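[1] here is a sequence with its predicted model. Questions after.
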Number of protein chains: 2
Amino acid sequence: MENVRLGIIGIGNMGMSHSLRIHREHKVPGMTLGAVCDINLERRTWAQENLPGVAVFEHATELYESGLIDAVLIAVPHYDHPSLAIEAFASGLHVLIEKPAGVYTKQVLEMNAAAKQSDKVFGIMYNQRTNPVYQKVRELVQSGELGELKRVVWIITDWYRPQAYHDSGSWRSTWEGEGGGTLINQNPHNLDLLHWMLGMPRRIRSFCSFGKYYDIEVEDDVTAYLEYPNGATGVYITSTGEAPGTNRLEISGDMGKIVVENNRITFDRNRISEREHNRLNVDPFRKPVCWRCEIPVSGDGGEQHIGIFKNFAKAILQGEKLLAPGEDGIHGLLISNAIHYSTWTDDWAELDRFDHEHFYELLQERIKSSTVKKNVVQKVVDVSGTH
Amino acid sequence: MENVRLGIIGIGNMGMSHSLRIHREHKVPGMTLGAVCDINLERRTWAQENLPGVAVFEHATELYESGLIDAVLIAVPHYDHPSLAIEAFASGLHVLIEKPAGVYTKQVLEMNAAAKQSDKVFGIMYNQRTNPVYQKVRELVQSGELGELKRVVWIITDWYRPQAYHDSGSWRSTWEGEGGGTLINQNPHNLDLLHWMLGMPRRIRSFCSFGKYYDIEVEDDVTAYLEYPNGATGVYITSTGEAPGTNRLEISGDMGKIVVENNRITFDRNRISEREHNRLNVDPFRKPVCWRCEIPVSGDGGEQHIGIFKNFAKAILQGEKLLAPGEDGIHGLLISNAIHYSTWTDDWAELDRFDHEHFYELLQERIKSSTVKKNVVQKVVDVSGTH
């Protein structure tokens, strides 16, 4: 294979943007746009007009059986990622899914099993993994530079989304349409990075507010307390209702403290580890000697979506290692589901024995008891610079 | 009365420092040192040698009955603040207590009742209230500049105290000697400021670790989630086990966000309130226009202890309003007790119906089941610059 012929399912906000960058701007070496598909006539018309030479289908099955593609990007609403991925694997296609992997872990576990049974490449659009800042933080943690983890505090409250956003589609910000609020829509990237940098917490106790700032039924304000296997603790705070909001990540370890803010990394580095200092020191008030280090790293955000596409193409063509394997989608989603679950049950959520079935049932209850009747026309909005 | 003649009970770390500044350095206009008292012979000897002309007593009752003082500073271990204050009011003395007001709310409520029955001035050494930075933040919140409160996050993990500190006195960091760890020893100032700036939370869910970093039985790591009457939320994080640690206070409101760090205030101020913006706005991704404002304020920390002494003297001599009324001590202590209580019961602590008696019982259980046997010589340590 010389080029990967990509199909895209869902020519909505993301699908439109991706199709143009691949087909018109040729941004991804080794990848061409083979076909697209959307159940919405208006969007198929847009595709016919704007993507010359690209086949347009109504249903995914037609796309899968067309023989025009080697791989598929699944860019439809969250609920349908797993079922469409499972069908794609069965059709012998490589699969790239948009985030989140799905809405509930149960369906994502099934998708991962299907991926495992196939010999196809399976990726997920965790484009924030291409950001050199988070790559560097991950390296500082995993190389041991920061020492053993003590605490993480991520305040990620700059995901402001006004009522006009929630009203921009009938599926938006509903249990039935999205299966959650800011956890499932804006935060999948951050929850993935959290896991990718620090590993999985052991248990979570969370406090979500639903429709606190907006006329919506899902969460728009979240505080979660995390405990890690080594006893380290964490706090994850997010909201769509604060302006201007904050994006500040602080990670404390035995060797000091890393702070990420404004896409810059500051490492307050202890000359010797705190535990070693504590063992040797006899002065009741003496701290370890600490150096402020500015960590050199590009603040340009990296290649983002294009970087993921390039990596996905190379993984298919040359066997390159995936930066964001699709199977990893379960981790961020498990944290997300556990945060919902802890608030719903007003109790701890244990991650290594999470009750996937019970979560699914509680989600179904919310869908069934929903009273949302949205009288809005779904529209495609300009998302440039927002994801 | 021309000068307030102060007595000091407890010539330990704080008592020594205060007595020298009043008696030798004459730092407090309108206040003289009338007498001191300590049950420890070594400290009485120090007083006789270093405080010429000042009477020295062994027991508080002798001091109270001496006729040599008009007011008393109670600077003994925390447990004894309320009983000594109650006895002082009964002896017709004005009272200034060191923080915390006491160890458990039950005894502090009794002290406040005794204060109310007397016609004496009652103050507490909340010296951080003299810091112009916190005074300004309080003013920005209470004047409405910040708009309605949405969230507060205080990361106050720069209270590093190594094992050598915990070993510096047999009473230190024990349930019997102090009645708690960092909440009761280092954090009373911050918990008071939290209440003073923002008012009381409605309920608290907390996560404390006991002896996580040190060979102690009390808490050295705390995460508390707070809910306010208006629905605003908060997170309060503190530890003595992190170095270098952080002191960063972030308060979000409808009009933007205040951040206090390095004794500076930044106010990211929305041009119109977020709620008003949300009502008028039709763009799915538009945030309110926001201006970064550096708030002019002295970063020198204010007069601290001397400021409290001056204010206390003027309150007695001229009826000046107290910056830190003694009755206010209950608020920070209630937050502190509630944080302990929530962790002990692994449940919510409701502040407006807090079970003072049950807290007391749970504390007694911990004292009785303590296995701490400290083989350390109590010593007075140099505390300059640490409180």
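    In hand now; what should we look at?
[2] what helix or strand is whichever residue of the stretch 1-150 of chain A sits closest to chain B located in?
    Nearest residue of the stretch 1-150 of chain A to chain B: A:K150, at 5.8 Å (Cβ to the nearest Cβ). (C-beta placed from N, C-alpha, C; glycine too.) For A:K150, the element it lies in under DSSP states H and E is strand A:149-156.
[3] so A:V282 sits in a strand?
    No. Looking at A:V282 with DSSP: H, G, I helix; E, B strand; the rest coil, it is coil, so not inside a strand.
[4] kindly list the longest helix within chain A.
    Criterion DSSP state H: the longest helix present in chain A is helix A:329-345.
[5] that one vs chain B: in contact?
    No. Helix A:329-345 lies apart from chain B when judged by Cβ under 8 Å from any Cβ of the partner chain; the minimum separation is 10.8 Å.
[6] after that helix, which helix or strand is next? Please name it.
    As assigned by DSSP H and E, the chain's next helix or strand after helix A:329-345 is strand A:349-350.
[7] that older thread, name the SS class of the closest residue to the residue of the stretch 1-150 of chain A closest to chain B other than its chain neighbours, please.
    Spatial nearest neighbour of A:K150, excluding adjacent residues (Cβ to Cβ, 6 or more residues apart in numbering or on different chains): A:S252 at 4.4 Å. When classified by three-state DSSP, A:S252 comes out as strand.
[8] okay, now A:S252: neighbour count?
    By the measure other Cβ atoms under 10 Å in any protein chain shown, the count of residues near A:S252 is 29.
[9] do the same with A:S143
    Number of residues near A:S143 (other Cβ under 10 Å) recorded here: 8.
[10] let me see the contact set for it.
    By Cβ atoms under 8 Å, 6 or more residues apart in numbering or on different chains, the contact set of A:S143 is empty.
[11] wait, what's in contact with the residue of chain A positioned farthest from its centre?
    Going by Cα atoms, centre = their mean, the residue of chain A most distant from its centre is A:V282, 46.6 Å out. Contacts for A:V282 (Cβ under 8 Å, 6+ apart) come out as B:A164.
[12] what does it show for phi and psi?
    phi -120, psi 0 (degrees, to the nearest 10).
[13] and it, what's its pLDDT?
    With respect to pLDDT, A:V282 scores 97.
[14] swap in A:G169?
    Model confidence at A:G169, given as pLDDT, is 89.
[15] next secondary structure element downstream of the helix or strand A:L249 falls within?
    In the assignment (DSSP H and E), A:L249 maps to strand A:247-253. Using DSSP H and E, the next helix or strand after strand A:247-253 towards the C-terminus is strand A:256-261.
[16] the inter-axis angle of that following strand versus strand B:247-253?
    Angle, strand A:256-261 to strand B:247-253, by axes from the mean of the first three to the mean of the last three Cα atoms, to 10 degrees: 30 degrees.
[17] which helices and strands does strand A:256-261 pack with?
    With contacts taken as 3 or more Cβ pairs under 8 Å, 6 or more residues apart in numbering or on different chains; DSSP states H and E, strand A:256-261 sits against helix A:132-142, strand A:247-253, strand A:264-270.
[18] now for the residue in the stretch 201-350 of chain A that chain B sits nearest to: which residues touch it?
    Proximity of the stretch 201-350 of chain A to chain B (Cβ to the nearest Cβ) peaks at A:P284, 3.8 Å away. Shown in contact with A:P284 (Cβ under 8 Å, 6+ apart): B:R161, B:P162, B:A164, B:Y165, B:S168, B:V381.
[19] ok, A:M255 to A:Q107 distance?
    When Cβ to Cβ, to the nearest Å is the yardstick, A:M255 and A:Q107 sit 40 Å from each other.
[20] looking at the two, which is more packed in?
    It is A:M255, of A:M255 and A:Q107, that has more neighbours when counted by other Cβ under 10 Å, with 25 against 22.
[21] give me the pLDDT value at that one.
    98.
[22] how about it: what's its closest non-neighbour residue?
    With sequence-adjacent residues excluded and distances taken as Cβ to Cβ, 6+ apart, A:M255 is closest to A:G147, at 3.5 Å.
[23] just checking, the one you found touches A:G253?
    Yes. Using Cβ atoms under 8 Å, A:G147 makes contact with A:G253 at a distance of 4.1 Å.
[24] so for these two, which residue has more residues nearby?
    Taking other Cβ under 10 Å, A:G147 and A:G253 do not tie; A:G253 has more neighbours (25 against 18).
[25] check contacts around the residue lying closest to the more buried one once chain neighbours are set aside.
    Excluding its sequence neighbours, the residue lying closest to A:G253 (Cβ to Cβ, 6+ apart) is A:L146, at 3.6 Å. Residues in contact with A:L146 (Cβ under 8 Å, 6+ apart) are A:L140, A:I251, A:G253, A:D254, A:M255, A:G256, A:I258, A:F267.
[26] neighbours around A:G299, how many?
    Neighbours of A:G299 using other Cβ under 10 Å come to 12.
[27] please name the nearest non-neighbouring residue to it.
    A:N263 is the one closest to A:G299 (Cβ to Cβ, 6+ apart), at 4.1 Å.
[28] over to A:C293?
    Nearest residue to A:C293, sequence neighbours excluded (Cβ to Cβ, 6+ apart): A:F267, at 4.4 Å.
[29] is that neighbour in a bridge, and if so with what?
    A:F267 has these beta-bridge partners by DSSP bridges: A:I258, A:C293.
[30] surely it and A:C290 touch.
    No. The criterion here is Cβ under 8 Å, and A:F267 misses it with A:C290 at 10.0 Å.
[31] tell me, what's touching these two both at once?
    Here A:F267 and A:C290 share the contacting residues A:G256, scored by Cβ under 8 Å, 6+ apart.
[32] higher neighbour count, the two?
    Shown here are A:F267 and A:C290; by other Cβ under 10 Å, A:F267 has more neighbours (22 against 17).
[33] next up, the contacts around the more buried one.
    Residues in contact with A:F267, defined by Cβ under 8 Å, 6+ apart, are A:L140, A:E145, A:L146, A:G256, A:K257, A:I258, A:R292, A:C293, A:E294, A:I295.
[34] buried ones only from those residues, please, as a ChimeraX command.
    To isolate the buried members of the contacts of A:F267 in ChimeraX, using 16 or more other Cβ atoms under 10 Å in any protein chain shown:
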select /A:140,145,146,256,257,258,295
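[35] if I look at the residue nearest to A:Y126 when sequence neighbours are not counted, how far off is A:F309?
    Distances taken as Cβ to Cβ, 6+ apart place A:A324 nearest to A:Y126, at 3.9 Å, with adjacent residues excluded. Using Cβ to Cβ, one gets 11 Å for the distance from A:A324 to A:F309.
[36] quick one, which of those two is more surrounded?
    Taking neighbours as other Cβ under 10 Å, A:A324 and A:F309 compare with A:F309 leading, 26 against 23.
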